[in-house]
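**Student:** here is my input, please return the structure:
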Amino acid sequence: MAKLTPKQELFVQGIIAGLSQRQAYRKAYPSAKSWQDNVVDNRASELLKNGEVLVRYRELLKQFSNMSLWSREQAFNEYEWLKNKAKQAIENEGVKQANANAFLAAVDGMNNMAFKELELEDKKLVREIELLQAKLDAIKGSKPDTSLMEALLDAVEGDDK
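**Tutor:** Numbers count the residues shown, from 1 in each chain. Just a heads-up that it's a prediction; the model follows:
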């Protein structure tokens, strides 16, 4: 586990809990509440690039991902059980409304779970395209701040390695 200051740990915990970098920074560093958004964004981006902070972020993200995978696996197993019970009841008793509904609901739930990962990958690709577009715009003359997007992409890509 990376050694962080209490404020750094609070910042990372905030991001893992779903806060934006800006919100997490302001929560961890109350004096930043009156700062301009772009200043907070830059500080948050720099903080997330800090080696120890990034290591801790990845540790927690991996831990959270493992818990999510377990929950997904458990949920999928429950859908599988329901589907099999409904199928067995249909085979033994014939098609009845309740059994048919249970079977279809289980299959639908399993399909939703299977395709959720594809949606997440699509969202990641969209973010990468947005980052590339921002970089192209910067090369052409307009200079948007891409540091937050880069830090987020680096963090996400770090987990893929």
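
**Student:** in terms of pLDDT, where does the residue of the chain most remote from its centre sit?
**Tutor:** Distance from the C-alpha centroid of the chain, by CA atoms, centre = their mean, peaks at Glu93 (43.6 Å). The model reports Glu93 with a pLDDT of 88.

**Student:** ok, now which ones touch it?
**Tutor:** Residues near Glu93 by CB atoms under 8 Å, 6 or more residues apart in numbering: Asn99. To be clear about C-beta, it is placed using only N, CA and C from the backbone, and glycine gets the same treatment.

**Student:** please report the distance of it from Lys85.
**Tutor:** Separation of Glu93 from Lys85 (CB to CB, to the nearest Å) stands at 12 Å.

**Student:** same question for Leu104.
**Tutor:** Separation of Leu104 from Lys85 (CB to CB): 13 Å.

**Student:** same question, Lys140
**Tutor:** Distance of Lys140 to Lys85, given as CB to CB: 60 Å.

**Student:** now Leu131
**Tutor:** Distance of Leu131 to Lys85, computed by CB to CB: 47 Å.
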